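S.K.: kindly return the folded structure for what I paste below:
(2 chains)
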Amino acid sequence: MKGFYSRKLHSLLGVMPLGFFILEHVITNFAAVEGGSQGFKDSVALLNSLPLVLALEIFGIWLPLLYHGVYGIFIAFQAKPNNTRFPNERNLRYLLQRVTGVAVFAFVIWHVYETRVQVALGNITHEELGGVMHDIVMNPIFFILYLIGVLSAAFHFTNGLWSFMISWGITVGPRAQRVSSVICMGLCVIVSVMLIWSLFAFRGVEFQADGTAWLTGIKSLIG
Amino acid sequence: MAMAEPKAAAKKVKFIITRQDEPEAASYTEEFELDYRPGMNVISALMEIQRNPVNLNGQDTAPVCWESNCLEEVCGACSMVINGKPRQACAALVDNLEQPVRLEPMKTFPIVRDLVIDRSRMFTSLKRVKAWIPIDGTYDLGPGPRMPEKKRQWAYELSKCMTCGVCLEACPNVNEKTNFMGPAPISQVRLFNAHPTGEMNAEERIEALMEDGGIEGCGNSQNCVRACPKGIPLTTSIAEMNKATTKHMFKNWLGL
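M.R.: Below is the predicted model of the structure:
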């Protein structure tokens, strides 16, 4: 595939479906804030009740994520940042887009291994995911890594949305790009706050009871 | 005319110049100290070094090589990195520069010698995107269509591009790891596609931008528009060409 098309596909997949998936995930997580342990379980159950859920996962998440991630790392390592010589905001965002992209890819692999892969292996059930998250975020180092991971994801998604609109010729003039920049960075703040709030919610004691099964599962996996 | 005051004559200007003897040789820096003269610019300083090639340590050295033509910031030949910023040496007044003045070649391009670089890749790109208007034929084609004044006004801004290479030097995506052509030729496609006669070959230029090393290389750092010495709205040109290439892609797929 010619570079033009592969790059366009990379840009498109980042917003659709991956952008939609991030928003969905943020809202599902937020159920932990609003409805606590039971609210989160209900949200997860609602998602898993979708028809063709495995097909949705494969074609709506995994394959797009694999392409966007692998091609994105190729793009990131083609860059030669010059932020000391050109210390302006857009150039900083150019650098952050690449740094957060690599960070998010690593974070997502880790996060998917701990959650979705464990479900697939039968070590945990969907109902126990809240407890798994509780165990993870109660570990101070993992909690900080998760904070970095979700903030990186929020920025990478919203800043990517801004550059998507340029790359597809939607925002052309400087005013359009300025306005879309304010909107996207506003979205970044909203998504970040929601994600961090959810992470704190998972630290609540009500999630504790759900976590033991996973811990024993992991212990049996190691031992 | 009265001679310069002894006080003024005592004022010195120091230059730290990154030098390179041949294309493949290692670079090194050499320092020079010159008498300050009112109104001097980087080119006049380099001319002074050429007349008296003695470095700060008092040793004779080879005169520093550079390129320049117009001396009024319209030809683009004297682009170099001055105190960390790529710009034209002829328009860089020493009075406005922090001391010591650091001169480096624009390393994005192959270095020929000292501050002389080879900007061939830009001219190759202009050829690739067919940045001209074909009017030659076997007979007189007559006058072309007229250009609306409003369009002429913004197109004129794009026509100020002097292929100086500053936007390529400022771009983090133009480097040895990519074959991205850089902002300048993309903006030229917009210019020639805006021309009523040039428009007749618009698709050829759009397709050239969709080839490898074309418009997909842009990473939206937007340094180019800030660095351009002629104030060309490069990011608007790139976004406009993003729109044109996107439209062209869909038109091709749908067979329109």
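S.K.: okay, A:Ser180 and A:Pro174: tell me how far apart.
M.R.: 11 Å (CB to CB, to the nearest Å). (Each C-beta comes from the backbone N, C-alpha and C, glycine too.)
S.K.: who has more neighbours out of those two?
M.R.: Higher neighbour count among A:Ser180 and A:Pro174: A:Ser180, with 18 against 14, using other CB atoms under 10 Å in any protein chain shown.
S.K.: give me the element that one is part of.
M.R.: Per DSSP states H and E: A:Ser180 is located in helix A:174-202.
S.K.: near chain B, which residues of chain A?
M.R.: A:2-5, A:7-8, A:75, A:77-82, A:85-86, A:88, A:90-91, A:94-95, A:97, A:162-163, A:166-174, A:177 (CB under 8 Å from any CB of the partner chain).
S.K.: just the ones in helices from those residues, please.
M.R.: Counting by DSSP state H, the residues of chain A next to chain B place A:3-5, A:7-8, A:75, A:90-91, A:94-95, A:97, A:162-163, A:166-167, A:174, A:177 in helices.
S.K.: how many other residues sit next to the residue of chain A found nearest chain B?
M.R.: In chain A, the residue that lies nearest chain B is A:Gly169 (2.5 Å; CB to the nearest CB). A:Gly169 has 17 neighbouring residues, counting by other CB under 10 Å.
S.K.: just the element for B:Val13, please.
M.R.: strand B:12-20.
S.K.: partner strands of that strand, with direction?
M.R.: Strand B:12-20 has the following strand partners under DSSP bridges: strand B:27-35 (antiparallel), strand B:101-104 (parallel).
S.K.: right, and those - which one's nearest B:Lys251?
M.R.: Across those, B:Lys251 has its closest neighbour in strand B:101-104 (44.9 Å, CB to CB).
S.K.: mind listing residues that contact the helix or strand just after the closest one?
M.R.: Remark: after strand B:101-104, the chain's next helix or strand is strand B:111-113, criterion DSSP H and E. The contact list for strand B:111-113, computed with CB atoms under 8 Å, 6 or more residues apart in numbering or on different chains, reads B:20-23, B:27, B:65, B:105, B:117-118.
S.K.: check stretch B:202-215 too.
M.R.: With CB under 8 Å, 6+ apart, stretch B:202-215 has contacts from A:2-4, B:128-131, B:178-181, B:186, B:189, B:192-193, B:216, B:238, B:241-242, B:244-245, B:248-249.
S.K.: cool, and stretch B:32-40?
M.R.: Outside stretch B:32-40, the residues that reach it (CB under 8 Å, 6+ apart) are B:4, B:8-9, B:11-15, B:17, B:44-45, B:48-49, B:54-56, B:64, B:93-95.
S.K.: 6 Å - rerun?
M.R.: Residues external to stretch B:32-40 that are found in contact with it (CB atoms under 6 Å, 6 or more residues apart in numbering or on different chains): B:11-15, B:45, B:48-49, B:55-56, B:94.
S.K.: how about stretch B:248-255?
M.R.: B:Ile206.
S.K.: got it, and stretch A:68-82?
M.R.: By CB under 6 Å, 6+ apart, the residues outside stretch A:68-82 that reach it are A:10, A:13-14, A:95, A:98, A:101-102, A:105, B:172, B:175, B:177-178.
S.K.: state the pair within these that is farthest apart.
M.R.: A:Leu13 and B:Asn175 (25.4 Å).
S.K.: for the two, indicate the residue with more neighbours.
M.R.: Neighbour totals were compared for A:Leu13 and B:Asn175, and A:Leu13 leads with 20 against 16 (other CB under 10 Å).
S.K.: quick check: closest non-adjacent residue to that one.
M.R.: Leaving aside its chain neighbours, A:Leu13 sits nearest to A:Pro64 (4.3 Å; criterion: CB to CB, 6 or more residues apart in numbering or on different chains).
S.K.: please identify the helix or strand for the residue in the stretch 151-256 of chain B positioned nearest to chain A.
M.R.: With CB to the nearest CB, the shortest gap between the stretch 151-256 of chain B and chain A falls at B:Lys243, namely 2.5 Å. According to DSSP H and E, B:Lys243 maps onto helix B:234-254.
S.K.: need the CA coordinates for that helix. CSV is fine.
M.R.: Only the C-alpha atoms of helix B:234-254 are listed here, as CSV (Å, rounded to 0.1, in the frame of the first residue of the first chain):
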residue,chain,number,x,y,z
LEU,B,234,2.2,27.1,4.8
THR,B,235,0.0,25.2,7.2
THR,B,236,-3.1,26.5,5.4
SER,B,237,-1.6,25.4,2.1
ILE,B,238,-0.9,21.9,3.6
ALA,B,239,-4.5,21.6,5.0
GLU,B,240,-6.0,22.8,1.7
MET,B,241,-3.9,20.2,-0.1
ASN,B,242,-5.0,17.6,2.5
LYS,B,243,-8.6,18.4,1.5
ALA,B,244,-7.8,18.2,-2.2
THR,B,245,-6.0,14.9,-1.9
THR,B,246,-8.7,13.4,0.3
LYS,B,247,-11.4,14.5,-2.3
HIS,B,248,-9.2,13.1,-5.1
MET,B,249,-8.9,9.8,-3.2
PHE,B,250,-12.7,9.4,-2.9
LYS,B,251,-13.3,10.6,-6.5
ASN,B,252,-10.9,7.9,-7.7
TRP,B,253,-12.5,5.2,-5.6
LEU,B,254,-16.0,6.1,-6.7
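S.K.: of all the residues in that helix, which ones are buried?
M.R.: Neighbour counts over helix B:234-254 (16 or more other CB atoms under 10 Å in any protein chain shown) mark B:234-246, B:248 as buried.
S.K.: any idea how far that helix is from the chain center?
M.R.: Distance of helix B:234-254 from the chain centroid (CA atoms, centre = their mean, to the nearest Å) equals 25 Å.
S.K.: how about stretch A:126-136?
M.R.: Distance of stretch A:126-136 from its chain centroid, counting by CA atoms, centre = their mean, is 17 Å.
S.K.: kindly report the same for stretch A:78-97.
M.R.: 23 Å.
S.K.: one step back: packing partners of the helix holding A:Ser180?
M.R.: Packing partners of helix A:174-202 (3 or more CB pairs under 6 Å, 6 or more residues apart in numbering or on different chains; DSSP states H and E): helix A:18-34, helix A:129-138, helix A:140-167.
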